[in-house]
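>>> Could you look at this predicted model? Sequence included:
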Amino acid sequence: MNDRNDAVQAGGATDSPTDAAEGPEELRRRIETTREQLGVTVEELAAKVDVRARAKARSAELKGKAAEAGHVVQGKAAQAGHVVQGKAVEAGRVVQERMPQPVRDAATAVVQAGLRYRKPVLIAGGAVVAAWLLRRRRTGRR
């Protein structure tokens, strides 16, 4: 236990009989410093106790991280899309180069006819799909 004559630590200062010799201005300064430290401590404790504010801050932090991750994923997906598109173009070019000229001419003619006569091509395509579906249903395949 502390005796009254022992020096006691309080806010970094010692309370001893020699402190009285410092004068009232020094005591006022120490009191003001202690008040400021106490104010900071109370604010820190209030912030720790305020669960709602801490939850909101954590939520905002996590939203920021999620948005950042979303941007990263979006960038990677766009990059992958460009890679796939480039490979598809290259594969199409290779196929076109290796395709015999008569087949190329026939394919071009079919595409041009389809573009000129869209409605009949769509009707014929629909009929082919419908016939295929009916045939599958009759044979029991799904």
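Perfect, I can see it now.
>>> and the lengthiest helix in the chain, what does it pack onto?
For the chain, the longest helix by residue count, based on DSSP state H, is helix 51-98. Judged by 3 or more CB pairs under 8 Å, 6 or more residues apart in numbering; DSSP states H and E, the packing partners of helix 51-98 are helix 24-49. Using the backbone N, CA and C atoms, a C-beta is placed for each residue, glycine as well.
>>> try it again with 7 Å
When contacts are defined as 3 or more CB pairs under 7 Å, 6 or more residues apart in numbering; DSSP states H and E, helix 51-98 packs onto no helix or strand at all.
>>> what pLDDT, on average, does that helix get?
Taken as a whole, helix 51-98 has a mean pLDDT of 91.
>>> and that helix, how far from the chain's centre?
Relative to its chain's centre, helix 51-98 lies at 10 Å (CA atoms, centre = their mean, to the nearest Å).
>>> any idea of the angle whatever helix or strand comes next after that helix forms with helix 51-98?
The first helix or strand that comes after helix 51-98 along the chain, using DSSP states H and E, is helix 101-116. Helix 101-116 and helix 51-98 are oriented at 130 degrees to each other (axes from the mean of the first three to the mean of the last three CA atoms, to 10 degrees).
>>> Give me the residues contacting helix 101-116.
Helix 101-116 has contacts (CB atoms under 7 Å, 6 or more residues apart in numbering) with 96, 121.
>>> again, 10 Å this time
With contacts defined as CB atoms under 10 Å, 6 or more residues apart in numbering, helix 101-116 is touched by 95-97, 99-100, 120-122, 124-125.
>>> Report the two of those separated the most.
E97 and P120 (31.8 Å; CB to CB).
>>> Those two: which is more packed in?
P120 (11 against 8; other CB atoms under 10 Å).
>>> and the gap between the more buried one and V110?
13 Å (CB to CB, to the nearest Å).
>>> quick check: angle from whatever helix or strand R138 lives in to helix 101-116?
In this structure, R138 is located in helix 118-139 according to DSSP H and E. Helix 118-139 and helix 101-116 are oriented at 100 degrees to each other (the same axes, to 10 degrees).
>>> Pull out the buried residues from helix 118-139.
Of the residues in helix 118-139, none count as buried by neighbour count, 16 or more other CB atoms under 10 Å.
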